[in-house]
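S.K.: coordinates only, no sequence provided:
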C-alpha cells in the first residue's frame, strides 16, 4: 500500500511526524545527541507549534488522531509523568 502524501509541517529538531492511510498521525519524540528524551523548552515550543498544525489538519479532516511514541529504546520521556 502506498504511503499517503504528507502534510507540510513546522520544521522541528526533537519530533518526527507522519500520517498513515487511516489518517492517524504518528508523533515521535527523539531528542538528538541524547540517550534519553527530555522535555526541554525547545522541545515544548516545537510541540506547541505542532499542536497548532494538528488542529488545522483535524479541522480539514486530514487527521483523525495522534499516537505519541519515543524514538529511544531507553524509555519515553525522562522525568515526565505522562
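M.R.: Done, it's in. Everything quoted here is computed from the prediction, not taken from an experiment.
S.K.: which parts of this structure are helices?
M.R.: 41-59 (DSSP state H).
S.K.: strands along that one, start to end?
M.R.: 15-19, 24-29, 65-70 (DSSP state E).
S.K.: same for the last one, what does it pack against?
M.R.: Using 3 or more CB pairs under 8 Å, 6 or more residues apart in numbering; DSSP states H and E as the contact criterion, the secondary-structure elements in contact with strand 65-70 are strand 24-29. To be clear about C-beta, it is placed using only N, CA and C from the backbone, and glycine gets the same treatment.
S.K.: for the strand it packs on, which outside residues touch it?
M.R.: Residues outside strand 24-29 that contact it (CB atoms under 8 Å, 6 or more residues apart in numbering) are 14-20, 37, 43, 50, 54, 57, 63-71, 76-77.
S.K.: got a quick ChimeraX command for the buried subset of these?
M.R.: Buried subset of these, written as a ChimeraX selection, criterion 16 or more other CB atoms under 10 Å:
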select :14,15,17,19,37,43,50,54,57,63,66,77
